[in-house]
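>>> Sharing a model that was predicted from the sequence below.
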Amino acid sequence: MEKELETILTNMKDAGCGEKTLKTAELLFAERDADAMNKLLRRCRCSLMEELHAGQRKVDRLDYLIRMTEKFRKTAKQ
């Protein structure tokens with residue numbers, strides 16, 4: 001059972017979960033509260049997805065600027 005907890009906490013840490021979240025997971029594991037653990041993991045996932053989408057919006061903006069500068073470069077050569 002200790003190995004399961006270690007695996008869970010290692011994976012959560014690798015996924016970017018903070019110390020407070022890891023401590024909560026450890027308590028929930030000790031209490032064997034699978035429902036609460038699932039909710040905690042889903043909140044962590046949701047937070048990561050929000051970061052992912054924010055990053056994608058930034059990439060989209062840079063892609064737009066790249067296209068703009070390429071158009072400007074083409075018209076400047078003419």
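Right, received. Where do you want to start?

>>> okay, the most centrally placed residue in the chain: pLDDT?
In the chain, the centroid-proximal residue (CA atoms, centre = their mean) is Leu48; its distance is 2.3 Å. For Leu48, the pLDDT comes out at 96.

>>> doesn't Ala15 make contact with it?
Yes: counting by CB atoms under 8 Å, Leu48 touches Ala15, with 6.8 Å between them. In this view, the C-beta of every residue, glycine as well, is placed from N, C-alpha and C.

>>> list the helices and strands the longest helix anywhere in the chain packs on?
In the chain, with assignment by DSSP state H, the single longest helix is helix 34-77. Applying 3 or more CB pairs under 8 Å, 6 or more residues apart in numbering; DSSP states H and E, we find helix 34-77 packed against helix 19-31.

>>> Now do the buried residues in the helix it packs on.
Thr21, Thr24, Ala25, Leu28, Phe29 (16 or more other CB atoms under 10 Å).

>>> just the angle between it and helix 34-77, please?
For helix 19-31 against helix 34-77, the angle by axes from the mean of the first three to the mean of the last three CA atoms, to 10 degrees is 150 degrees.

>>> and helix 19-31, how far from the chain's centre?
19 Å (CA atoms, centre = their mean, to the nearest Å).

>>> before we move on, what about stretch 65-78?
Distance of stretch 65-78 from the chain centroid (CA atoms, centre = their mean) equals 35 Å.

>>> Could you pull up the mean pLDDT of it?
Stretch 65-78 shows a mean pLDDT of 88.

>>> and if you look at stretch 19-33?
97.

>>> From Thr24, how far out is Asp33?
The span separating Asp33 from Thr24 equals 10 Å under the rule CB to CB, to the nearest Å.
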